[in-house]
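Asks: I would like to see how this sequence folds:
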Amino acid sequence: MRKVVFVFALLIGYLGVVPTISSVPLSVRSSPSTLFAIRPVTSAYARPPRKRRASTRKPALPLPAYYRHPRWLGCKHFEIPVSKCRAAWRTSRIAPRHALIIALLAWWKRDLENTPQKTLDWLAKRREKYFRVGEWWFDRRKSDKIYHLLEMIDTLLQPHLDRYPQPLYREILQKTGALLDHPAMSMPRQTALTSRLSRWLARRTDAPSIESIRTLMQRSMLRHRECPWWFLVFLQTFAPDALARFSKQKISPSWCTARRLHQEIRFRTPEASDALLRTLAKRYPRHTRLVPFGKSYEGRTLWALHIHAKRRNPNAKSVLMVGAQHADEHMGTEILLDLAQTLLKKHKTPHVRELLDRIELWLIPVLNPDGKHFDLAGGVVKIWRYNRSIQPDGQIGVDLNRNYDDHWQPFRYVDRGRVNLPGLRPFSEPETDALRQLAEKLPRLTALLDLHQYGRVVLLPYAYAKKPLPNDFEDLFYKIGQYLIETNRYRTFPAHRLYPHQGTLGDWGFSRFKALSLVLEIGSASYLKPTLQAHTTRQDLKLIHRFLSIADDPFQKIRSIPLPPPDPRLVRRTTYTTPTAQ
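Replies: Prediction:
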């Protein structure tokens, strides 16, 4: 036993954990119980400790849990041996995972090539029509095996994307991109495949693969004489200069709706909106104050125009109006800018002077400047709704109007395969967090109006569920909605009647401040021509002036306004199975 202890001690001393045995007194060496109690010293054979410099880089956010702890997905539909599939899922080595990904892509290619001619003819006829934007979403999920295959490839690749060998990664990108233009590829699957490619390239770029996919997409658009918006989004994200040249030289408005709309519309860019705000602040310095209240994800300044009386009333109430949360809903920006110009031009009239003595307006024409710039750049519209933040899994964009701290819910698939992109947590986006900080600093905030597009409707709380408002707020909100829509024959009803959606500014504004918090859905289409844009602006400004007339004390003023019996076609009340909360 003593020999074993001495041999073990010699080995440890050689490695530098304890002093060498030759330096230990004999009395201590004879006692195994005290041998390991000796304080370690540095041995001549031990490496000195490595000094690590403190990193200045922010730690990368972890992937979502379904990537870090993936469930085992079978390969029985894809003609792959179970042993090969199981081995890839149970290891973190790149080689077996890459082999399984290539096998899955090879099966998909064979499946596309074996598509019957009858199906190919049907797909060709469907391509003759430009698909409705709302019908095909950028990342769908269905229960068939092709979506199952895409989910498998994504789950195999994403957790190891940072250490994936570049040649193998490029092989996956090029084999996947080559499937985009296959005649048997349906448009819904094409959108899902484009979305996955965008996620991978957002996390780890590869210039040759981007160039080959760009060339393939441009050839496909010219051959089919169509410009799918998911191709335009990809090109604007990864090759914006090439898309600008291509749209100017090759894309014709006769067959590309996105190009035609871009030529017809007259919406201001974020830069033009900011320039107009600066002009107004400079021209009317005694009635305005231009306040920078934050930065967007890409570093653009967020501006709020504060309109007040020449001699400010210390008891005036604050009214907040927000436009362009969704990047493709440009009418909110136009109406708020027109409202600012109208009020400032008429600031000497008794009506405006009396209004600004009661309230102070805070106008935010563009809350999402990154997304708005993205939607209008490149000579084509992209129908882009989100901001431009990049999530840990490479998903680009967060729906700002799902990012507020009122019944917020994480990412999920909803009806018809649509995706909800609410961010990692409430107020995770710099735009919404900056708006929260501004709203909480405003003194006596009594009214909030969130401008969206489209639907010709005034939406009331709640949006997150079919639930009545507390106390007598339910009846008061309906009366206010009825009062507002008398100007332009819009409809009014609770927002959940469209579809339940959580984490909205409208719900947060009411829950946080108990203010009059409404959503105005403007007009009857997304991209309005100039004549219809002017008409819609005039009609909605009438409604907004009514909103401002009661904004300083809305729930008291509406009680004294006589209203006719509501028209059930316009004022749609919700019947609840439970009594109104008290």
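Asks: May I have the secondary structure class of the nearest residue to residue 113 once chain neighbours are set aside?
Replies: If you skip the residues right next to it in sequence, residue 113 has residue 184 as its closest partner in space, 7.4 Å away by CB to CB, 6 or more residues apart in numbering. Placement of C-beta: from N, CA and C, glycine included. Counting by DSSP: H, G, I helix; E, B strand; the rest coil, the backbone at residue 184 sits in coil.
Asks: Can you give me the first-to-last residue distance of stretch 248-265?
Replies: End-to-end span of stretch 248-265 (CA to CA, to the nearest Å): 16 Å.
Asks: can you pull the buried residues of it?
Replies: Taking 16 or more other CB atoms under 10 Å as the basis for neighbour counts, the residues of stretch 248-265 that come out buried are 251, 256-262, 265.
Asks: any weak-confidence spans in the stretch 151-300 of the chain?
Replies: Counting by pLDDT under 70, the stretch 151-300 of the chain has no low-confidence residues at all.
Asks: all strands for it, in order.
Replies: For the stretch 151-300 of the chain, the strands defined by DSSP state E, counting those that start in this stretch occupy 288-295.
Asks: Repeat that for the chain.
Replies: Counting by DSSP state E, the chain has these strands, from start to end: 288-295, 301-307, 317-322, 359-364, 412-413, 419-420, 445-453, 457-460, 491-494, 516-522.
Asks: Now do the third one: everything it contacts.
Replies: Same thing as strand 317-322. 332, 336, 339, 358-364, 367, 435, 438-439, 442-451, 505, 509, 544, 548, 551-553 (CB atoms under 8 Å, 6 or more residues apart in numbering).
Asks: Equivalent analysis for the first one, please.
Replies: Where contact means CB under 8 Å, 6+ apart, the residues beyond strand 288-295 that reach it are 277-278, 280-281, 301-308, 344, 430-431, 433-435, 437-438.
Asks: Dump that strand to CSV, restricted to CA.
Replies: Extracted as CSV, the C-alpha positions of strand 288-295 are listed here (Å, rounded to 0.1, in the frame of the first residue of the first chain):
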residue,chain,number,x,y,z
THR,A,288,-42.2,73.2,-31.1
ARG,A,289,-39.3,71.2,-29.7
LEU,A,290,-37.6,68.4,-31.6
VAL,A,291,-36.7,65.7,-29.1
PRO,A,292,-34.3,62.7,-29.9
PHE,A,293,-35.5,60.0,-27.6
GLY,A,294,-33.5,57.0,-28.7
LYS,A,295,-31.7,55.1,-31.5
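Asks: quick one: least confident helix or strand in this structure?
Replies: helix 32-35 (a mean of 38; mean pLDDT, DSSP states H and E).
Asks: so residue 544 makes contact with residue 342?
Replies: No. Under the contact definition of CB atoms under 8 Å, residue 544 does not touch residue 342, with a separation of 9.8 Å.
Asks: thinking again about what came up before, redo the buried residues of stretch 248-265 as CSV? Include distance to residue 157.
Replies: Compiled in CSV, those are given as follows (distance: CB to CB, whole Å):
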residue, distance to residue 157
251, 33
256, 33
257, 34
258, 31
259, 34
260, 38
261, 36
262, 35
265, 39
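Asks: Greatest separation within those residues: which pair is it?
Replies: Of all pairs drawn from these, the greatest distance, 15.9 Å, lies between 251 and 265 (CB to CB).
Asks: related to what we said a few turns ago, and residue 544 and residue 342? Which one has more around it.
Replies: Each of residue 544 and residue 342 has its neighbours counted (other CB atoms under 10 Å); residue 544 has more, 22 against 14.
Asks: show me what contacts the residue lying closest to that one once chain neighbours are set aside?
Replies: Take residue 544 and drop its neighbours on the chain: the residue closest to it by CB to CB, 6+ apart is residue 339, 6.1 Å away. With contact taken as CB under 8 Å, 6+ apart, residue 339 is in contact with 321, 363, 541, 544.
Asks: same question, residue 403
Replies: Residue 403 sits next to 422-423, 426-429, 432, 503 when contact means CB under 8 Å, 6+ apart.
Asks: Buried among those residues? Need that as a selection in PyMOL.
Replies: Buried members of the contacts of residue 403, identified by 16+ other CB under 10 Å, are gathered into one PyMOL selection as follows:
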select buried, resi 422+423+426+427+428+429+432+503
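Asks: Using CSV, lay out the contacts of residue 403 together with pLDDT and distance to residue 326.
Replies: Formatted as CSV, those follow (pLDDT from 0 to 100; distance: CB to CB, whole Å):
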residue, pLDDT, distance to residue 326
422, 90, 14
423, 90, 14
426, 95, 18
427, 96, 17
428, 94, 17
429, 96, 13
432, 97, 13
503, 93, 14
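Asks: Which one of the strands of the chain lies nearest to residue 242?
Replies: Of the strands of the chain, nearest to residue 242 by CB to CB is strand 419-420, at 27.4 Å.
Asks: The nearest residue to residue 501 once chain neighbours are set aside: neighbouring residues, count only.
Replies: In space, not counting the residues next to it along the chain, residue 501 is nearest to residue 463; the distance is 5.2 Å by CB to CB, 6+ apart. The number of residues packed near residue 463 is 26, by other CB under 10 Å.
Asks: For residue 305, see how far away residue 571 is.
Replies: Look at residue 571 and residue 305: by CB to CB, to the nearest Å, they are 33 Å apart.
Asks: When the two are compared, which one has more neighbours?
Replies: Regarding residue 571 and residue 305, a neighbour count based on other CB under 10 Å identifies residue 305 as having more, with 24 against 18.
Asks: Not counting sequence-adjacent ones, nearest residue to the more buried one?
Replies: Distances taken as CB to CB, 6+ apart place residue 363 nearest to residue 305, at 4.6 Å, with adjacent residues excluded.
Asks: domain ranges for this structure?
Replies: Recorded structural domains for the chain (assignment: automatic domain parsing) are 2-35, 69-264, 293-560.
Asks: Now tabulate the ones you listed in JSON lines and tack on distance to residue 287.
Replies: Below are these laid out as JSON lines (distance: least, CB to CB, whole Å):
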{"stretch": "domain 2-35", "distance to residue 287": "77"}
{"stretch": "domain 69-264", "distance to residue 287": "35"}
{"stretch": "domain 293-560", "distance to residue 287": "5"}
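Asks: Isn't residue 159 up against residue 89?
Replies: No. Under the contact definition of CB under 8 Å, residue 159 does not touch residue 89, with a separation of 11.4 Å.
Asks: Pull the number of nearby residues for the residue nearest to residue 480 when sequence neighbours are not counted.
Replies: Excluding the flanking residues, the one nearest residue 480 by CB to CB, 6+ apart is residue 558, at 5.2 Å. As a burial measure, the neighbour count of residue 558 was computed by other CB under 10 Å and equals 20.
Asks: now do residue 170
Replies: The tally of other residues near residue 170 (other CB under 10 Å) stands at 16.
Asks: again with the one 5 residues further on
Replies: A total of 15 residues lie near residue 175 under the criterion other CB under 10 Å.
Asks: residues in contact with the closest residue to it other than its chain neighbours?
Replies: Closest residue in space to residue 175, ignoring its immediate chain neighbours: residue 105 at 4.9 Å, by CB to CB, 6+ apart. With CB under 8 Å, 6+ apart as the criterion, the residues that contact residue 105 are 153, 172, 175-176, 179.
Asks: so the residue nearest to residue 480 makes contact with residue 478?
Replies: No. The criterion here is CB under 8 Å, and residue 558 misses it with residue 478 at 9.7 Å.
Asks: Residue 357 contacts residue 309, correct?
Replies: Yes. With contact taken as CB under 8 Å, residue 357 and residue 309 are classed as touching, separated by 5.2 Å.
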